[in-house]
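Colleague: Sequence and predicted structure are below.
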Amino acid sequence: MAKVVKDLISLELIGLHSHIGSQILPLAGFEAAAARLVTAAVMLRDEAGIVISQLGLGGGFGISYVPADQPKDIQVIADLLVSTVLRESKLNDLIVSKISVEPGRYISGPAGITLYTVGTIKPVTIAGGQTRTYVSVDGGMSDNIRTALYGAQYTVAVVSRAPTGAPMLSRVVGKHCESGDIIVRDCYLPDDLKPGDLIAVAATGAYCRSMSSQYNGTPRPPVIAVSGGLDQVWIRRETYEDLLVLDQG
Ligand SMILES: Cc1ncc(COP(=O)(O)O)c(C=O)c1O
């Protein structure tokens, strides 16, 4: 493919790109990918006389959804990528003038919080005679499909008051009569939780709004920016008129 691009007068091949996946916490894969990209650039130079001067090292840097997730500081990641490219390119007399990255989730993920209002609360007996309390909210898989899609985990807390109840094994579920309509599969919420309480699900700034839907005729919630005690609507709440706007009938 690089040779094809090289021979096209309308295109100039200046760089190589890789993206190895998403929500990756160990750094070994990023280091290996950066080294391999240098190897590929050297191969193109030696075998086809193609000069590669830029490397795009992709995104995929993981963030913390639950305490077990221990993301690396972005400076540590940057240092590793730069030192890997420098080391490998020096070994092969390759000059790389620019390295770029595309962190998506790392930037937007922790910046987002989803607020839900608690509706029905229902204790259900589970295996071993334990009780898990189902906490339904005014959203669900239409605003966050990640749990249903690939078992994402989240941290959730009551935010409208300081709860005093004891930790209660809970599952936060949506309003879309679907067995997979789960937002937080396993968590502990206080046993004094009541309908009308506001709960916040953390780190929903990436791959939630962008994968949202109007399933079951559900208007999407607004996106509100909050900073320094001020708030600003960035995307307004959808209305039922919005749901019907494409209907021609
Ligand atoms: C080519 C490319 N770069 C960057 C990203 C961002 O990934 P992340 O949000 O995991 O950093 C993606 C996401 O799919 C991608 O496909």
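Modeller: Received it, and whenever you're ready, just let me know what you need. Numbering: from 1, shown residues only.

Colleague: Give the partner strands of the longest strand along the chain in its sheet and their orientations.
Modeller: For the chain, the longest strand by residue count, based on DSSP state E, is strand 113-125. Taking DSSP bridges as the criterion, strand 113-125 sits next to strand 131-137 (antiparallel), strand 198-202 (antiparallel) in its sheet.

Colleague: can you map out the helices along this protein?
Modeller: Under the criterion DSSP state H, the chain contains helices at 2-6, 28-48, 74-91, 105-108, 146-150, 240-244.

Colleague: can you tell which of those is closest to residue 120?
Modeller: Taking Cβ to Cβ, helix 146-150 is the member of the helices of the chain nearest to residue 120, at 18.7 Å. Every residue, glycine included, has its C-beta placed from N, CA and C.

Colleague: need the contact list for the closest residue to residue 51 other than its chain neighbours.
Modeller: Nearest residue to residue 51, sequence neighbours excluded (Cβ to Cβ, 6 or more residues apart in numbering): residue 45, at 6.4 Å. Counting by Cβ atoms under 8 Å, 6 or more residues apart in numbering, residue 45 makes contact with 51, 52, 94.

Colleague: re the thing from before, and among the helices of the chain, the most buried is which?
Modeller: Between those, helix 105-108 has the highest mean count of neighbours, a mean of 18, where neighbours are mean count of other Cβ atoms under 10 Å.

Colleague: one step back: between the helices of the chain, which gets nearest to the ligand?
Modeller: Ranking the helices of the chain by their distance to the ligand (criterion: Cβ to the nearest ligand atom) puts helix 105-108 first, at 3.5 Å.

Colleague: so what secondary structure elements neighbour that closest one?
Modeller: Using 3 or more Cβ pairs under 8 Å, 6 or more residues apart in numbering; DSSP states H and E as the contact criterion, no helix or strand is in contact with helix 105-108.

Colleague: ok, now which ones touch the closest residue to residue 188 other than its chain neighbours?
Modeller: In this structure, residue 188 finds its nearest non-sequential neighbour in residue 167, 3.9 Å apart by Cβ to Cβ, 6+ apart. Residues near residue 167 by Cβ under 8 Å, 6+ apart: 188, 189, 190, 191.

Colleague: before we move on, what about residue 215?
Modeller: By Cβ under 8 Å, 6+ apart, the contact list for residue 215 reads 141, 142, 176.

Colleague: quick one: it and the ligand, what's the gap?
Modeller: Per Cβ to the nearest ligand atom, to the nearest Å, residue 215 is found 22 Å from the ligand.

Colleague: show me what contacts residue 91?
Modeller: Contacts of residue 91 by Cβ under 8 Å, 6+ apart: none found.

Colleague: what's the distance between the residue sitting nearest the centre point of the chain and residue 66?
Modeller: The residue lying closest to the centre of the chain (Cα atoms, centre = their mean) is residue 206, at 3.7 Å. Distance, residue 206 to residue 66, by Cβ to Cβ, to the nearest Å: 15 Å.

Colleague: ok, residues contacting the least confident helix or strand in the chain by mean pLDDT?
Modeller: Per-element confidence for the chain was summarised using mean pLDDT, DSSP states H and E. The lowest value among helices and strands belongs to helix 2-6, with a mean of 87. Around helix 2-6, the neighbours that count as contacts under Cβ under 8 Å, 6+ apart are 11, 13, 44, 48, 50.

Colleague: Sweet, I'm off.
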